[in-house]
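Peer 1: structure, please.
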Amino acid sequence: MIVPVATARSPELAGTRRWSDWLTLTKPRITALALFTVGAGYVLGAGTGQIQLSVMLHVLIGAGLVAAAGGVFNQLWERHHDARMPRTRERPLPAGRVSCEVAAAYGASLLGIGLAWLTMTTPPAAGLAAAATFLLYVFVYTPLKRHTVWNTVVGAIPGALPPVIGWCAARGTDAPWGAIGLFSILFLWQIPHFMAIAWRYRREYAAAGYRMLPNNDPTGWKTAAVSVFCCVLLLAVGAIVAWSLGSRVALVGALASGVLFLLPAVRFARQRTDDNARRLLRGSLLYVPLVYGLLVLDAGWL
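Peer 2: Just a heads-up that it's a prediction; the model follows:
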């Protein structure tokens, strides 16, 4: 018996592609990282014995919807520029698989439901922090990418707010220093992380009209210096926050994670190659899960 093989036009593949496009519009990897830090922020804000699973679930749902909406509107803003870069030209909007009108309605629905969910189930501060994250990401950082190399620093602000959302869901505006500490770690971490990406794809970013530091740094010295500087600061700040929110175990873990992040940054500074930028990127991917994970373990969550 001959079994029919699904083709690109078959309903099965068309349906799968459609769901994949809806997911891609939300930038799922960025959203997943944001939700991880939201959850960590909630656990650390609530403290041992005060964690309410229902509240944690509510903040994760609401913040996840708002973060997903940010991904949709970011891609709406950048669809013409994404069409010029090989790594983004097949996204749903530049490829023409989803219309701008449909994407806008999708993003607005996610945003409205997410903010309403947070407003009804968490303290007001959590909803305000989520709204600020969306506004800064979509209406400040996204357009700045085409105008100034400082966009990475500005973009690190909304990128560092998710743990603040979680903290506010647990404690409102009480004890803000913990939220500030978690914010600082994520803020500093993002800069060398994105410097590594921007260096690897500097030609694509330049062709697409994005103003990234490596585009105006042919030797890579400025890019590497910024990365090393932020990694050194992160080593100190991470240790301070780990000590204040956790224990000696978290402190040692933060120091070890900081060193593992700093070493590839130094190597990149010595030899500014794409391979070393890739190593720096890999080093960055370990830092947040390790440090935030140890802090959560210290809080007695696991």
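Peer 1: where does the chain have its least confident helix or strand?
Peer 2: Lowest on mean pLDDT, DSSP states H and E among the helices and strands of the chain sits helix 11-25, with a mean of 74.
Peer 1: give me the phi and psi for the nearest residue to residue 68 once chain neighbours are set aside.
Peer 2: Among residues not flanking residue 68 along the chain, residue 26 sits closest, at 3.7 Å (C-beta to C-beta, 6 or more residues apart in numbering). Yep, even glycine has a C-beta here, placed from its N, CA and C like the rest. With angles defined as degrees, to the nearest 10, residue 26 sits at phi -90, psi 0.
Peer 1: thinking again about what came up before, which helices and strands does the next helix-or-strand element following the least confident helix or strand of the chain pack with?
Peer 2: Heading C-terminal from helix 11-25, the first helix or strand you meet, by DSSP states H and E, is helix 28-46. Using 3 or more C-beta pairs under 8 Å, 6 or more residues apart in numbering; DSSP states H and E as the contact test, the elements touching helix 28-46 are helix 53-82, helix 162-171, helix 176-200, helix 274-298.
Peer 1: which neighbouring elements make contact with the second one?
Peer 2: What that stands for is helix 162-171. The helices and strands touching helix 162-171, judged by 3+ C-beta pairs under 8 Å, 6+ apart, are helix 28-46, helix 53-82, helix 124-135, helix 176-200.
Peer 1: which among those helices is found nearest to residue 91?
Peer 2: Residue 91 sits nearest to helix 53-82 of all the helices and strands packed on helix 162-171, at 5.5 Å, using C-beta to C-beta.
Peer 1: show me what counts as buried in the closest one.
Peer 2: 55-56, 58-79, 81-82 (16 or more other C-beta atoms under 10 Å).
Peer 1: same check, this time on stretch 109-122
Peer 2: In stretch 109-122, counting by 16+ other C-beta under 10 Å, buried: 110-111, 113-115, 117-119, 121-122.
Peer 1: for the nearest residue to residue 136 once chain neighbours are set aside, give me the pLDDT.
Peer 2: Nearest residue to residue 136, sequence neighbours excluded (C-beta to C-beta, 6+ apart): residue 158, at 4.0 Å. The model reports residue 158 with a pLDDT of 98.
Peer 1: determine the set of other helices and strands touching the one helix or strand residue 158 maps to.
Peer 2: Using DSSP H and E, residue 158 falls within helix 151-159. The helices and strands touching helix 151-159, judged by 3+ C-beta pairs under 8 Å, 6+ apart, are helix 124-135, helix 142-144, helix 176-200.
Peer 1: need these in JSON lines (columns: mean pLDDT and distance to residue 95).
Peer 2: Converted to JSON lines, those look like this (pLDDT from 0 to 100; distance: least, C-beta to C-beta, whole Å):
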{"stretch": "helix 124-135", "mean pLDDT": "98", "distance to residue 95": "25"}
{"stretch": "helix 142-144", "mean pLDDT": "96", "distance to residue 95": "20"}
{"stretch": "helix 176-200", "mean pLDDT": "96", "distance to residue 95": "22"}
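Peer 1: ok, which of the ones you listed comes nearest residue 89?
Peer 2: Taking C-beta to C-beta, helix 176-200 is the member of the helices and strands packed on helix 151-159 nearest to residue 89, at 17.0 Å.
Peer 1: which one of the helices and strands packed on helix 162-171 lies closest to residue 147?
Peer 2: helix 53-82 (12.5 Å).
Peer 1: returning to what we had before: turn the helices and strands packed on helix 151-159 into CSV, including mean neighbour count and distance to residue 247.
Peer 2: Formatted as CSV, the helices and strands packed on helix 151-159 follow (neighbours: other C-beta atoms under 10 Å; distance: least, C-beta to C-beta, whole Å):
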stretch, mean neighbour count, distance to residue 247
helix 124-135, 21, 27
helix 142-144, 17, 39
helix 176-200, 22, 15
